[in-house]
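Asker: fold the following.
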Amino acid sequence: MAGIYIHIPFCESRCIYCDFYSTTSLKWKDDYVDALCKEMKLRPAIQALGDNYPIETIYLGGGTPSQLSNEHLLRIFTMLKETYGDLFTKNMEITMECNPDDVTPDYCKTLGKLPVNRVSMGAQTFSDQRLQFLRRRHNTAEVKEAVSLLRNTGIENISIDLMFGFPKENIEDWKYDIQQALLLGVEHISAYSLMYEEGTPLYKMLEQGKIEEIDEELSRNMYDTLVDMLTISGYEHYEISNFAKPGYRSRHNSSYWNETPYIGLGAAAHSYRRAQNQSGNMEVTRSWNVNNIQQYINSIHQGILPSEKEYLDLATRYNDLITTALRTSDGIDLKKTEKEFGKCYLEKLLDEANDKIKRGLMKMDKQNNRLSLTREGIYISDDIMGDFMIV
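Answerer: Numbering: from 1, shown residues only. All right, here's what the predicted structure looks like:
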């Protein structure tokens, strides 16, 4: 299987924590969609993915894809079908990220004309005060209204993002946010600790002493509360930050964690390719487009892919396996690891894991031959992954 990711970098305004590539300059939208459609022609699936993989997921992320017009979105999906339609599977997962305030009755009419069957929204919090602090455009009432409108449109798979660890936030504030999310009955919830990424307005506020991070003990308590409340409510904790009702895991995001090839379209988009070379060995490459809209548009119009590429050696691929598969509840498939990397790598993996299993940080599922983190291990997952890495 394989996937397609389309990056839509436009935002009406930027949130103070965001370090993804985006722009508030909306004048490029028409030219950008033109370039996106032309890039598809420059990336035939066999060349981009390696082997003749069926395409099972499409994901429009950003930025804010819901900033595009009806005409823009119809053009994109028409070109997707024209270019890659032969490889589409019957029951694809097609996700679009939306801002809650963009989900209006008119916008839902547009969604009804598209093959989109999953929507992901950044709710972040159900406190209007904290939303204003983040410089989000929506309010809490609009999240609830958006879910209702999407249901009436026929969208039966909705995901929302939540954040915890705001300055001065307490555990009761966080419990309220989780309770409000549960009342919406959405199929999927992603929850992240507020991160202070260098170069963002939020980081600058921290440097200037205008705000303070919450302490580590409170942050862990908030994470514990999240896991307990969602699992009790029937959500599967299938990745460190992701929870889903049975049957509603994000198939597209899961592809990033299980080495599934994908085509990345748009400025700053990444692609991942796997194919056997003429010698019968697995050749794996990662590529990424330039993170500048003007350069991206100009290059595409000249018929040149504005991307760089790297070939991943065995050690790099092994390190990638550690940092992706160990994020998931499924963990590392040991049989697959031995087949792809050989006995030497498998023995190194098991040798490093033995002590961590004894300490209760990892567990071995002997029936399915998988190695994964325990709940205690998740708290220090970065340290554990670092111990496995080949440097």
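Asker: when you work out contacts or count neighbours from here on, use the C-alpha atoms and nothing else.
Answerer: OK.
Asker: what about Ser372, distance to Val391?
Answerer: Distance, Ser372 to Val391, by C-alpha to C-alpha, to the nearest Å: 22 Å.
Asker: so for these two, which sits in the more crowded spot?
Answerer: With neighbours defined as other C-alpha atoms under 10 Å, Ser372 and Val391 compare such that Ser372 has more, 23 against 7.
Asker: then the more buried one would be within a helix, right?
Answerer: No: per DSSP: H, G, I helix; E, B strand; the rest coil, Ser372 lies outside any helix segment and is strand.
Asker: nearest residue to it in space, please, no chain neighbours.
Answerer: Gly331 (4.2 Å; C-alpha to C-alpha, 6 or more residues apart in numbering).
Asker: ok, that neighbour to Glu12 distance?
Answerer: When Gly331 is compared with Glu12 (using C-alpha to C-alpha), they lie 38 Å apart.
Asker: tell me, how many residues neighbour Ala325?
Answerer: Ala325: 22 neighbours (other C-alpha under 10 Å).
Asker: so where is the stretch 151-300 of the chain shaky, pLDDT-wise?
Answerer: In the prediction, the stretch 151-300 of the chain carries no residues with pLDDT under 70.
Asker: could you pull out the helices for it?
Answerer: Along the stretch 151-300 of the chain, counting by DSSP state H, counting those that start in this stretch, helices occupy 171-184, 201-207, 216-232, 251-257, 293-301.
Asker: can I get the ones you listed in TSV including mean neighbour count?
Answerer: Rendered in TSV, the data for the helices of the stretch 151-300 of the chain read as follows (neighbours: other C-alpha atoms under 10 Å):
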stretch	mean neighbour count
helix 171-184	16
helix 201-207	16
helix 216-232	16
helix 251-257	18
helix 293-301	18
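Asker: out of those helices, which gets nearest to Thr95?
Answerer: Nearest of those to Thr95, taken as C-alpha to C-alpha: helix 251-257 at 8.3 Å.
Asker: mind checking how far that closest one is from the chain centre?
Answerer: 8 Å (C-alpha atoms, centre = their mean, to the nearest Å).
Asker: coming back round to it: let's have the helices of the stretch 151-300 of the chain in a markdown table, adding distance to Gly264.
Answerer: Listed next are these as a markdown table, based on distance: least, C-alpha to C-alpha, whole Å:
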| stretch | distance to Gly264 |
| --- | --- |
| helix 171-184 | 31 |
| helix 201-207 | 28 |
| helix 216-232 | 32 |
| helix 251-257 | 12 |
| helix 293-301 | 13 |
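Asker: of all the ones you listed, which one is nearest Gly342?
Answerer: Closest to Gly342 of the helices of the stretch 151-300 of the chain is helix 251-257 (C-alpha to C-alpha; 20.2 Å).
Asker: and for Ser241, the neighbour number?
Answerer: Ser241 has 18 nearby residues by other C-alpha under 10 Å.
Asker: was I right to think it contacts Ser193?
Answerer: No: between Ser241 and Ser193 there is no contact under C-alpha atoms under 8 Å: 9.0 Å.
Asker: give me the element Ile58 is part of.
Answerer: Element membership for Ile58 (DSSP states H and E) is strand 55-62.
Asker: which outside residues touch that strand?
Answerer: With C-alpha atoms under 8 Å, 6 or more residues apart in numbering as the test, strand 55-62 has contacts from 1-10, 20-22, 87-89, 91-97, 251-252.
Asker: do stretch 222-240 as well
Answerer: With C-alpha under 8 Å, 6+ apart, stretch 222-240 has contacts from 164-165, 171, 174-175, 178, 182, 188, 243-246, 249, 327-330, 378.
Asker: among the residues you listed, which are in strands?
Answerer: Those of the contacts of stretch 222-240 mapping onto strands are 164, 188, 243-244, per DSSP state E.
Asker: redo these as TSV? Include distance to Tyr223 and neighbour count.
Answerer: Shown next, in TSV, are these (distance: C-alpha to C-alpha, whole Å; neighbours: other C-alpha atoms under 10 Å):
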residue	distance to Tyr223	neighbour count
Phe164	8	25
His188	17	23
Phe243	12	25
Ala244	16	22
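Asker: and the longest strand seen in the chain, which strands flank it?
Answerer: For the chain, the longest strand by residue count, based on DSSP E, is strand 88-98. Counting by DSSP bridges, the strands paired with strand 88-98 are strand 55-62 (parallel), strand 118-124 (parallel).
Asker: select, out of those, the one closest to Leu73.
Answerer: strand 55-62 (10.1 Å).
Asker: output that closest one as CSV, restricted to C-alpha atoms.
Answerer: What follows is the C-alpha trace of strand 55-62 in CSV, where atoms were taken according to Å, rounded to 0.1, in the frame of the first residue of the first chain:
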residue,chain,number,x,y,z
ILE,A,55,-2.7,3.9,-3.1
GLU,A,56,-4.9,3.6,0.0
THR,A,57,-4.7,7.1,1.6
ILE,A,58,-4.7,10.7,0.6
TYR,A,59,-4.1,13.5,3.2
LEU,A,60,-4.4,17.2,2.7
GLY,A,61,-2.5,18.9,5.4
GLY,A,62,-1.0,22.3,6.1
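Asker: right, and the helix or strand after that strand?
Answerer: With DSSP H and E, the next secondary element past strand 55-62 is helix 70-84.
Asker: tell me the angle that following helix makes with strand 88-98.
Answerer: Counting by axes from the mean of the first three to the mean of the last three C-alpha atoms, to 10 degrees, helix 70-84 lies at 150 degrees to strand 88-98.
Asker: so Ser193 sits against Pro167, correct?
Answerer: No: applying C-alpha under 8 Å as the test, Ser193 and Pro167 come out as separate, 11.3 Å apart.
Asker: ok, the residue of the chain most remote from its centre to Thr23 distance?
Answerer: Distance from the centre of the chain peaks at Ser279, with 33.9 Å (C-alpha atoms, centre = their mean). To Thr23, Ser279 is 44 Å away according to C-alpha to C-alpha.
Asker: just to revisit the earlier point, quick one: the ones in strands among the contacts of stretch 222-240 as a markdown table, columns for distance to Asn368 too.
Answerer: Below are those laid out as a markdown table (distance: C-alpha to C-alpha, whole Å):
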| residue | distance to Asn368 |
| --- | --- |
| Phe164 | 34 |
| His188 | 26 |
| Phe243 | 22 |
| Ala244 | 22 |
